[in-house]
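Colleague: this is a predicted model, with the sequence first.
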Number of protein chains: 2
Amino acid sequence: MPGTRGADQGDSTVARRSATIYDIARAADVSHQSVSRYMRGLDMRRSTKEKIEKALETLSYRPNLTARALITGRSHRIGALTHEVNQYGPGLIIQGATSAAREAGYLLDVIALDMGDTNDLNQALSQLLQYDLDGILAFASTDSVKAVFEQTDFGVPALVAAEEEDYQVETSFDRPGVGQLVSHLVGLGHERLLHIGGPETYSAARNRLRAFEAALAHFGLKPAGVAHGDWSARSAYQAVMALPIGSVPTAIVAANDQMALGAIHALGQRGLRVPEDVSVTGVDDTPEAAYFTPALTTIRLDFKEQGKNALVALLNEIGDGGEHPSFLPAPTLVLRDSTGPRSTGATNP
Amino acid sequence: MPGTRGADQGDSTVARRSATIYDIARAADVSHQSVSRYMRGLDMRRSTKEKIEKALETLSYRPNLTARALITGRSHRIGALTHEVNQYGPGLIIQGATSAAREAGYLLDVIALDMGDTNDLNQALSQLLQYDLDGILAFASTDSVKAVFEQTDFGVPALVAAEEEDYQVETSFDRPGVGQLVSHLVGLGHERLLHIGGPETYSAARNRLRAFEAALAHFGLKPAGVAHGDWSARSAYQAVMALPIGSVPTAIVAANDQMALGAIHALGQRGLRVPEDVSVTGVDDTPEAAYFTPALTTIRLDFKEQGKNALVALLNEIGDGGEHPSFLPAPTLVLRDSTGPRSTGATNP
DNA sequence: CCGTACATTGTTACCGATAACAGTACGAAA
DNA sequence: TTTCGTACTGTTATCGGTAACAATGTACGG
């Protein structure tokens, strides 16, 4: 017979384990089912409702979502695979996603991956799957992640968060994003642009590169070069330092702000001034970008919204879709001091 | 009679829901309890073991942690309250914590708080508590969080992650940390040091401030001033721009690298050179700090380890303490180009 | 060859909720 | 007053595991 447990719990301070619907039911002298119905807001006689409410006041009940999850098959948890949370973008995406999840009554189970390690990825996934989640979200949009997500049937909705550029590449050159940067630079007279991209395995990196090339092509130009960094300032620094003398372009389009910073630093060490000799642009508009020396021209992305969007999209697939995925706000060009007219003829160390 | 469900699931591709121990038991012709024992690695006859293993190969079983959690009261999940994940430190702490959790067979439920909003905090907590967690960890070490954690009995172990400086303040001036920066600067001849701190509600900010003052006092000096920023480059920029003419110190000790960047930028706008006129230091050693102009002198903290440590400490309280909390590696001084001998007498805009 | 100790396996109860269905109370119609 | 439909309420089954105990099998000593 149910409802015969947890009778005494000492008269000390706080209930060790909070009451169950059976405790409430006993205290209110109704069936546990009525309590369950009350909690779910179903119709019931006023008198019953009042009995339950009185009991609730006394006992401090808190629903046990584990038990509910077991029977309903809905855990109200979403697994999130991410990486490099220390970076500005990914961090904000997570933040946006967790708060959106929270609003919808979900919780985000975050696993930070050691990127590039496929073993790690698989292990993480199989661990995640044990916790019957309602859905799985990957914010790490790399080839290996995408491959795994396409091949595997997780038994629950799973999706890889889309990059903001994914649906822009094909469209025209002056679309928000890297294209805007390029046309800004071309408008300043630059013709020899170098791109410092992220790792080729990242779709964001590829998208930005393609947008760069597409925009240049529109102006009848070709890239003055493409270097591949790893999103870090250090990698861009090294790439710029490695540029052969005489082949330094008049403008550098880095795939994120950190790499732009590294590029600026390297240019400085090579005796080149920004923007007088070389213009430099970033992507992201981190809060620091405005305080670089010189302040960085870049494009601003709304990462929080991106995270929220991915979550809402997943929620819709789960079937708990209250909201419709909002449109991502368009990236906006932020003009600052790191770009200027093409140098008229400085020497080129 | 148990074990009579999930018989047919279509002959299509993948099992909609993975098999349960009852399915395995039926296939192996043993009791479900034997399967449970097998999964937990208990002793059993070889023949039984083999039967189960054969069944497992056929059916692709995956334990349901929800069901296990319901009976054992162990969810193997830990709630994590955090904030400003977009910043370098907090992000890395989360990363360290999630991977440590993963190794121990736990999952981290992350909630990113809108700091300073106590309502938000309480709401987040009460939501967290529904998901019977094994423990709760707060990485946001602010007054309001601490207060809530001290007052509330969550029914499970809960702790606020310690700041690296917490156990250093009382000790001597040349302890790793801000003290090291101060003695470095004093060693260069500086006597008028300004501190740009974080928000006073953050214990990390207070600790750094106290360390700053204590170190100065050791040399018989007093702060040339203390400004309070909000960890952002912008806030430090404004603080430095607001300094009355003539009161600009010869060295600025910012409480993190971002604020150091903002300070450098402001100094540049006021026509002061770093480090010739003013030395500037940060705290954190973000990957970008080396590529500031000038490269930033700062102290390096191991945030990942900090996150891991907090998690291990909590695990110990939970009683699942395999490891002992390792000692945090001492912060190390990183000397770069933003500090130099006290200026011998430039004018002071 | 039998009884007992011990190792292994099977049965039933339980965790705390919801689902499905049975049972009761009440008001309206006959 | 009786009957019936409707609206609640109560009872039992269920989710997928583990716990506790009962039952069986095996090994060994007498």
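Modeller: Cool, the structure landed. Because the structure is a prediction, the values reported are computed rather than measured. Numbering: from 1, shown residues only, chains lettered A, B, ... in the order given.
Colleague: neighbours of A:K54, just the number please.
Modeller: Other residues near A:K54 come to 12 when the count uses other CB atoms under 10 Å in any protein chain shown. Placement of C-beta: from N, CA and C, glycine included.
Colleague: measure it to DNA strand C for me?
Modeller: To DNA strand C, A:K54 is 18 Å away according to CB to the nearest atom of the strand, to the nearest Å.
Colleague: now name the helix or strand holding the nearest residue to A:M39 once chain neighbours are set aside.
Modeller: Of all residues not flanking A:M39 in the chain, A:P63 sits nearest, at 6.2 Å (CB to CB, 6 or more residues apart in numbering or on different chains). Take DSSP states H and E as the rule and A:P63 turns out to sit in neither a helix nor a strand.
Colleague: how many residues are close by A:P63?
Modeller: Other residues within reach of A:P63, judged by other CB under 10 Å, total 14.
Colleague: what do you get for A:F327?
Modeller: Neighbouring residues of A:F327 were enumerated by other CB under 10 Å; the total is 8.
Colleague: same deal with the one 10 residues further on?
Modeller: Residues within reach of A:D337, counting by other CB under 10 Å, total 15.
Colleague: and if you look at A:R46?
Modeller: Count around A:R46 with other CB under 10 Å applied: 7.
Colleague: separation between it and A:A55?
Modeller: Here the distance between A:R46 and A:A55 works out to 15 Å (CB to CB, to the nearest Å).
Colleague: same check on A:S183?
Modeller: Taking CB to CB, one finds A:S183 at 68 Å from A:A55.
Colleague: who has more neighbours, those two?
Modeller: More neighbours surround A:A55 than the other of A:S183 and A:A55, with 21 against 18 (other CB under 10 Å).
Colleague: contacts only, for that one.
Modeller: By CB atoms under 8 Å, 6 or more residues apart in numbering or on different chains, A:A55 lies in contact with A:I24, A:A27, A:A28.
Colleague: who wins for neighbours among the residues you listed?
Modeller: A:I24 (25 neighbours).
Colleague: that one belongs to a strand?
Modeller: No: applying DSSP: H, G, I helix; E, B strand; the rest coil, one finds A:I24 to be helix, outside a strand.
Colleague: my read: A:S34 touches A:S47, true?
Modeller: No: using CB atoms under 8 Å, A:S34 makes no contact with A:S47, being 11.1 Å away.
Colleague: that older thread, from the contacts of A:A55, which single one is nearest B:A263?
Modeller: A:I24 (58.2 Å; CB to CB).
Colleague: give me the number of residues near A:N316?
Modeller: 15.
Colleague: quick one, phi psi at A:G135?
Modeller: A:G135 adopts backbone torsions of phi -180, psi 160, taken as degrees, to the nearest 10.
Colleague: can you point out the buried residues in stretch A:50-60?
Modeller: By neighbour count on 16 or more other CB atoms under 10 Å in any protein chain shown, the buried set for stretch A:50-60 is A:K51, A:I52, A:A55, A:L56, A:L59.
Colleague: tell me the SS of A:K308?
Modeller: Strictly by three-state DSSP, A:K308 counts as helix.
Colleague: what's near enough to touch it?
Modeller: Contacts of A:K308 by CB under 8 Å, 6+ apart are A:G96, A:A97, A:S99, A:A100, A:S326.
Colleague: export these to JSON lines and tack on distance to chain B and secondary structure?
Modeller: JSON lines is the format used below for the contacts of A:K308 (distance: CB to the nearest CB, whole Å; DSSP: H, G, I helix; E, B strand; the rest coil):
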{"residue": "A:G96", "distance to chain B": "8", "secondary structure": "helix"}
{"residue": "A:A97", "distance to chain B": "9", "secondary structure": "helix"}
{"residue": "A:S99", "distance to chain B": "6", "secondary structure": "helix"}
{"residue": "A:A100", "distance to chain B": "10", "secondary structure": "helix"}
{"residue": "A:S326", "distance to chain B": "19", "secondary structure": "coil"}
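Colleague: go ahead and build a ChimeraX selection from the buried members of those residues.
Modeller: Remark: buried members of those, expressed as a ChimeraX selection using 16+ other CB under 10 Å:
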select /A:96,97,99,100
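Colleague: close to chain B, is stretch A:333-343?
Modeller: No: figure legend: stretch A:333-343 not in contact with chain B (CB under 8 Å from any CB of the partner chain); closest approach 10.7 Å.
Colleague: in PDB, list the C-alpha atoms belonging to that stretch.
Modeller: C-alpha atoms of stretch A:333-343 as PDB (Å, rounded to 0.1, in the frame of the first residue of the first chain):
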ATOM      1  CA  LEU A 333      29.200  46.700 -39.600                       C
ATOM      2  CA  VAL A 334      31.000  48.600 -36.800                       C
ATOM      3  CA  LEU A 335      33.400  51.100 -38.200                       C
ATOM      4  CA  ARG A 336      36.300  52.100 -36.000                       C
ATOM      5  CA  ASP A 337      39.900  53.100 -36.400                       C
ATOM      6  CA  SER A 338      41.600  50.100 -37.800                       C
ATOM      7  CA  THR A 339      40.500  50.700 -41.400                       C
ATOM      8  CA  GLY A 340      41.400  53.600 -43.600                       C
ATOM      9  CA  PRO A 341      42.100  54.500 -47.200                       C
ATOM     10  CA  ARG A 342      44.700  52.400 -49.000                       C
ATOM     11  CA  SER A 343      48.200  53.700 -48.300                       C
END
